[in-house]
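Peer 1: task: produce atomic coordinates for the following.
(one chain, ligands or ions: 1)
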Amino acid sequence: MIANMTAPAAMPVEPMETLQLETLSPSRAGDFKTCPQLFKFRAIDRLPEPVTIHQARGTTAHLALQRLFDLPTTNRTPDTLFDLFRQAWTEIRGDEEFTDLFPSTDEERTWGLESLELLANYFAIEDPATFEPVARELDMTEEMNGIVIRGILDRMDRSPDGSLVITDYKTGKAPPEPYALPAFFALKIYALLIRNRLGETPSELRLLYLNGPTLYRLPVDDRQLDAMDNQLRALWAAIDRALATGKFPPRPGTLCNWCAYRDICPAWAEAQTDSV
Ligand code: SF4
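Peer 2: Got it, this is the predicted structure:
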């Protein structure tokens, strides 16, 4: 059960054992919305997912971008960012999860060069020498509607009009604009957490895709965040019901093509049989 949440009065099925969830990240909340079975694999069963070169790039690029703002504005150049990326990769490539990621040094080198090309795109979106972030890699552990949300917010700035802007870096490919709205789901949760913590409503959410590059911006206000708050209450209740009943229905869709668990997912197996 989710901590402090009351179970619904009528329970259709008695669980064989009560599943527990101490904290929830905005990303995992998004998983439940997309596919409850995926949420179970990740957040409840905690089944490991193979680390990909894309995740390694994301982790390393985030670290480099975070450190870029430790430096004086005059040093925030593409060459410095490349150096920070190389430095960060040297530090983390020995981690157990990244061992054996590259079959050869040539492939690692190609990956590194492609990563630097992506980082060069960053400067086409903004000039880091022209502003100082309010916060970077901000630990957002907050209780919200009876559940503890835990996540790390990439960056928060003050816009020229003094309002707060939340930015999330992405190294993957941006979705086409008409489909971009769902990608803001986690950022809206962060905006709510910021409003709860600081008593101040952020004015804008930004998804900064290095691949492209593409910048998606979403203005937010109290009305939208109130609606999100209600949506989350309903989501928490749905998660609580799933935990109580042990039922996490799979929701097959295009995401299955990238899902690390599809080989053990009954819905995927069924979809394959149907398509034969
Ligand atoms: S394969 Fe598809 S249906 Fe199964 S868990 Fe993954 S996303 Fe959900």
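Peer 1: any idea which strand is longest in the protein?
Peer 2: Looking across the chain with DSSP state E, the single longest strand is strand 147-158.
Peer 1: just the buried residues of the helix or strand that comes right after it, please?
Peer 2: As assigned by DSSP states H and E, the chain's next helix or strand after strand 147-158 is strand 164-173. For strand 164-173, burial by neighbour count (16 or more other CB atoms under 10 Å) applies to 164, 165, 166, 167, 168, 169, 170, 171. The C-beta positions use only the backbone N, C-alpha and C, and glycine is treated the same way.
Peer 1: with just CA atoms, put strand 164-173 into CSV.
Peer 2: Extracted C-alpha coordinates of strand 164-173, given in CSV (Å, rounded to 0.1, in the frame of the first residue of the first chain):
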residue,chain,number,x,y,z
LEU,A,164,10.5,30.4,-12.0
VAL,A,165,11.2,28.2,-15.0
ILE,A,166,11.8,24.4,-14.7
THR,A,167,14.1,22.7,-17.3
ASP,A,168,14.6,19.1,-18.0
TYR,A,169,17.5,17.9,-20.3
LYS,A,170,16.8,15.1,-22.7
THR,A,171,19.4,13.3,-24.8
GLY,A,172,16.8,11.1,-26.7
LYS,A,173,14.9,12.2,-29.7
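Peer 1: partner strands of it and their direction?
Peer 2: Looking at strand 164-173 with DSSP bridges, its partner strands are strand 147-158 (antiparallel), strand 204-211 (parallel).
Peer 1: can you point me to the longest helix in the chain?
Peer 2: helix 222-245 (DSSP state H).
Peer 1: and that helix, what's buried?
Peer 2: Result for helix 222-245 [16+ other CB under 10 Å]: buried residues 224-225, 228-229, 232, 235-237, 239-240, 242-245.
Peer 1: any idea of the angle that helix forms with strand 147-158?
Peer 2: With axes from the mean of the first three to the mean of the last three CA atoms, to 10 degrees defining the directions, helix 222-245 sits at 150 degrees from strand 147-158.
Peer 1: briefly note if helix 222-245 comes near the ligand.
Peer 2: No: Helix 222-245 stays clear of the ligand (CB under 6 Å from any ligand atom), getting no nearer than 13.5 Å.
Peer 1: now do the helices in the stretch 51-200 of the chain.
Peer 2: Per DSSP state H, counting those that start in this stretch, the stretch 51-200 of the chain carries helices over the ranges 53-68, 78-92, 105-125, 185-198.
Peer 1: now tabulate those in TSV and tack on mean pLDDT, distance to the ligand and mean neighbour count.
Peer 2: Below are the helices of the stretch 51-200 of the chain laid out as TSV (pLDDT from 0 to 100; distance: least, CB to the nearest ligand atom, whole Å; neighbours: other CB atoms under 10 Å):
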stretch	mean pLDDT	distance to the ligand	mean neighbour count
helix 53-68	96	17	20
helix 78-92	97	27	16
helix 105-125	96	26	15
helix 185-198	95	16	21
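Peer 1: export those helices as TSV, with columns for distance to residue 143.
Peer 2: Listed next are these as TSV, based on distance: least, CB to CB, whole Å:
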stretch	distance to residue 143
helix 53-68	26
helix 78-92	31
helix 105-125	34
helix 185-198	9
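Peer 1: who wins for proximity to residue 249 among those?
Peer 2: Comparison of these against residue 249 by CB to CB identifies helix 185-198 as nearest, at 19.3 Å.
Peer 1: could you give the angle of that closest one to helix 222-245?
Peer 2: Between helix 185-198 and helix 222-245, the angle comes out at 110 degrees (the same axes, to 10 degrees).
Peer 1: switch to numbering from 343
Peer 2: I'll keep to 343 as the first residue from here, and by that count the last item is helix 527-540.
Peer 1: I'd like the distance from helix 527-540 to the chain centre, please.
Peer 2: 13 Å (CA atoms, centre = their mean, to the nearest Å).
Peer 1: any regions of the stretch 493-618 of the chain where pLDDT drops low?
Peer 2: Scanning the stretch 493-618 of the chain for pLDDT under 70 picks out 617-618.
Peer 1: the ligand: which of the buried residues of helix 564-587 is nearest?
Peer 2: Closest approach to the ligand among the buried residues of helix 564-587 (CB to the nearest ligand atom): residue 584, at 13.5 Å.
Peer 1: do you know how far the closest one is from residue 468?
Peer 2: 40 Å (CB to CB, to the nearest Å).
Peer 1: try residue 590
Peer 2: 40 Å.
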